[in-house]
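> With the sequence up front, the predicted model follows.
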Amino acid sequence: MKNIKLTTPFNTLNDYFYSKVNTTKLSNPKLISVNKSLAKELGFSDDDINSEDFINMINGTYLPNGGQYYANAYAGHQFGYFVPQLGDGRAINLGKLNNYNLQLKGAGSTPYSRNGDGRAVLRSSIREYLLSEAMQGLGIPTTRALGIINSTSTAYREITEPCSIVLRASTSWIRFGSFEYAYIAKDNIKQLTNLANFVIDESYYELKNIPNKYEEMYFKIVDKTIDLMVHWQSIGFMHGVMNTDNMSIEGLTIDYGPYAFMEEFSKDYICNHSDTEGRYSFSNQPFIAQWNLSVLAKVLSPIANEKLMNSYNDNFIGKFKDKYYKKIALKLGFIDFTSNDIDFILELFDIMENSSIDYTAFFYFLSSARYDEIISNATYKDEITSWLKLYKIRVSTQNLSMNNRLKNMKAINPKYILKNYILQEIIEQCENNDFTMLNDFLQIAQNPYAEYKEYEKYAMPTPKEKTGYICSCSS
Ligand code: AMP
Ligand code: MG
């Protein structure tokens with residue numbers, strides 16, 4: 001690991017935003033999976049990956065050259081209520097390698113741990129490890145994961161559970177809540193300016209020398225957040241905890257907790273069992289993103305024009321809808337989409353909901369012209385049968401052969417989505433010290449459009465008894 005050299009650009013931030021910390025190691029760490037493609041991208045050799053140093057790096061006992069352990073402070077609105085002091089309560093940063101800031105999740109407590117133990121249990125670590133790579137595989141902006149260790153250390157959640165650490169990597173770890181934290185500083189203009197300049201240097205370098213750069217930075221964050229919502233809504237991803245501290249200023253999917261993918265389509269589905277009001281339900285996600293952006297505009301207002309920012313954000317839903325329907329049209333194989341198709345799309349969603357149709361499997365079957373399977377999996381057959389008849393007429397009017405249409409559709413409709421029941425099977429296997437599925441599904445996650453004969457059943461509609469699996473929020 002001698003060639004791995006970290007840099008520490010974070011130290012251009014005022015120390016208001018971070019604390020230097022120490023890690024607390026886990027006992028008997030064992031590397032259970034490594035993301036070889038990211039490792040290669042970051043410059044780790046095969047020897048590096050197989051070395052003790054690599055495991056020790058994830059366990060927080062080996063710091064590559066040039067690194068520094070530190071935790072970031074941030075604030076945030078949790079379920080709509082402002083919490084002034086959050087921060088990396090169980091994440092410890094190491095420094096930057098190429099474009100990625102490396103971070104250990106679960107390597108012990110920090111000054112921001114509040115009542116938490118600074119640990120992450122195996123179950124939630126596997127969920128984060130696999131999902132971040134699945135999102136990457138789907139082309140959805142996300143933080144990444146380089147490797148995962150398990151251990152004989154334990155933490156108490158609802159029961160005693162094994163502890164784990166994931167080495168996460170992200171082009172940015174700055175959250176909307178980081179700006180909320182700057183806003184509440186006594187010298188907030190200084191802190192906001194410092195943080196905004198840091199964000200421009202790290203994420204929006206093209207704005208560095210332009211006038212109104214803070215407003216422009218905000219506009220870019222809005223645009224990236226719109227794109228993220230288009231991705232989430234079209235793939236059927238539910239984050240579960242869209243607090244402002246879990247919103248990335250680069251529009252990345254960040255902090256994987258009680259998330260879920262849509263199974264039987266239900267537009268107001270709530271995947272987080274602590275979310276009793278449905279604040280973060282599937283259909284609310286774009287509206288919450290816009291609300292979170294309004295908080296960001298407010299806290300940037302000491303250094304940027306609030307009116308301009310708000311009027312930009314006012315167009316969020318309009319822009320979102322335009323892009324969203326275009327994306328759904330592509331999933332359906334329409335290359336000549338017009339707004340006349342919108343009612344037809346909305347009708348499909350109503351039918352999916354009434355007939356308990358599996359969202360991912362529907363698009364997968366449609367991309368393979370397996371119409372009979374769509375019908376046989378629907379609780380009521382008539383409505384979807386009529387819809388499919390109209391669908392076939394609609395696509396036959398396009399200037400595109402069926403084969404080419406199906407080819408286009410297969411390239412954007414994944415065969416495999418890591419639904420909660422699949423993750424649960426992987427977790428149970430890992431808890432019994434078998435990491436086969438974990439590593440197989442890392443590969444599937446990285447290319448969810450390919451064929452994996454032995455895992456065919458996971459591309460089918462979720463078995464009825466396994467739908468709606470809700471995982472525990474305490475992780
Ligand atoms: P989350 O909703 O998982 O993004 O976490 C919200 C806040 O709680 C963040 O500041 C986390 O760092 C912190 N947190 C969550 N779990 C723990 C834990 N086990 N120990 C310390 N802090 C935690
Ligand atoms: Mg978080």
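Cool, the structure landed. Ligands and ions are numbered 1, 2, ... in the order given.
> which ones are touching the nearest residue to Thr467 once chain neighbours are set aside?
Of all residues not flanking Thr467 in the chain, Glu263 sits nearest, at 4.7 Å (Cβ to Cβ, 6 or more residues apart in numbering). No exception for glycine: its C-beta is placed from N, CA and C like everyone else's. By Cβ atoms under 8 Å, 6 or more residues apart in numbering, the contact list for Glu263 reads Asp358, Tyr359, Thr360, Lys419, Pro461, Thr462, Thr467, Gly468.
> helix, strand or coil for the closest residue to Pro463 other than its chain neighbours?
Closest residue to Pro463 apart from its sequence neighbours, by Cβ to Cβ, 6+ apart: Tyr421 at 7.5 Å. Classification of Tyr421 by DSSP: H, G, I helix; E, B strand; the rest coil places it in helix.
> likewise Cys163?
Assignment for Cys163 (three-state DSSP): strand.
> phi, psi of the residue lying closest to it once chain neighbours are set aside?
Spatially, and ignoring its direct neighbours in sequence, Cys163 is nearest to Ser153 (4.3 Å; Cβ to Cβ, 6+ apart). With angles defined as degrees, to the nearest 10, Ser153 sits at phi -70, psi 150.
> For the contacts of Glu263, name the two members farthest from one another.
The largest separation in these, counting by Cβ to Cβ, is between Thr360 and Gly468 at 14.6 Å.
> More neighbours: which of the two?
The residue with more neighbours, out of Thr360 and Gly468, is Thr360; 24 against 15, by other Cβ atoms under 10 Å.
> buried sites along the helix or strand containing that one?
Element membership for Thr360, per DSSP states H and E: helix 359-367. Residues Tyr359, Thr360, Ala361, Phe362, Phe363, Tyr364, Phe365, Leu366, Ser367 are the ones in helix 359-367 that count as buried (16 or more other Cβ atoms under 10 Å).
> Buried residues of the next helix or strand after that helix, list them for me.
Later in the chain than helix 359-367, the nearest helix or strand by DSSP H and E is helix 371-376. Buried positions in helix 371-376, judged by neighbour count with 16+ other Cβ under 10 Å: Tyr371, Glu373, Ile374, Ile375.
> The residue nearest to Thr467 and ligand 1, how far apart?
Distance, Glu263 to ligand 1, by Cβ to the nearest ligand atom, to the nearest Å: 23 Å.
> and if you look at Phe54?
For Phe54 relative to ligand 1 (Cβ to the nearest ligand atom), the value is 25 Å.
> list the contacts for that residue?
Here Phe54 is in contact with Met1, Leu31, Val34, Phe44, Asp48, Gly147 (Cβ under 8 Å, 6+ apart).
> Dump those residues into TSV; add pLDDT and neighbour count as well.
Below are these laid out as TSV (pLDDT from 0 to 100; neighbours: other Cβ atoms under 10 Å):
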residue	pLDDT	neighbour count
Met1	92	18
Leu31	98	17
Val34	98	21
Phe44	98	23
Asp48	98	18
Gly147	98	24
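> Mind checking which of those are in helices?
Asp48 (DSSP state H).
> Among the contacts of Phe54, name the ones in strands.
In strands, defined here by DSSP state E, the members of the contacts of Phe54 are Leu31, Val34, Gly147.
> Quick check, the first one in contact with Ile58.
The one in question is Leu31. Yes. Using Cβ atoms under 8 Å, Leu31 is in contact with Ile58, at 7.1 Å.
> Go through the buried residues of helix 359-367 and name the one nearest Ile427.
Set against Ile427, the nearest of the buried residues of helix 359-367 by Cβ to Cβ is Thr360 (20.1 Å).
> List of residues touching stretch 34-49?
Contacts of stretch 34-49 (Cβ under 8 Å, 6+ apart): 1, 3-4, 54, 97-98, 100, 133, 144-148, 169, 442, 446.
> Check stretch 460-467 too.
Residues contacting stretch 460-467 (Cβ under 8 Å, 6+ apart): Glu263, Glu264, Ile357, Asp358, Ala361, Asn377, Lys419, Tyr421.
> out of everything not next to it in sequence, what's closest to Glu306?
Ala297 (5.9 Å).
> what's near enough to touch that neighbour?
Here Ala297 is in contact with Tyr218, Glu306, Met309, Asn310, Asn313 (Cβ under 8 Å, 6+ apart).
> Tyr62 - nearest residue in space that isn't next to it in sequence?
In space, Tyr62 is closest to Asn56, 3.6 Å off (Cβ to Cβ, 6+ apart).
> just Asn305 next, same as before
Glu215 (5.7 Å).
> Show me which residues of the stretch 101-250 of the chain sit near ligand 1.
Residues of the stretch 101-250 of the chain lying close to ligand 1 by Cβ under 6 Å from any ligand atom are Tyr112, Ser113, Gly116, Asp117, Gly118, Arg119, Val241, Asn246.
> farthest-separated two in these?
Every pair of these checked by Cβ to Cβ; the farthest is Asp117 and Asn246, at 19.9 Å.
> Those two: which has the busier surroundings?
Each of Asp117 and Asn246 has its neighbours counted (other Cβ under 10 Å); Asn246 has more, 22 against 16.
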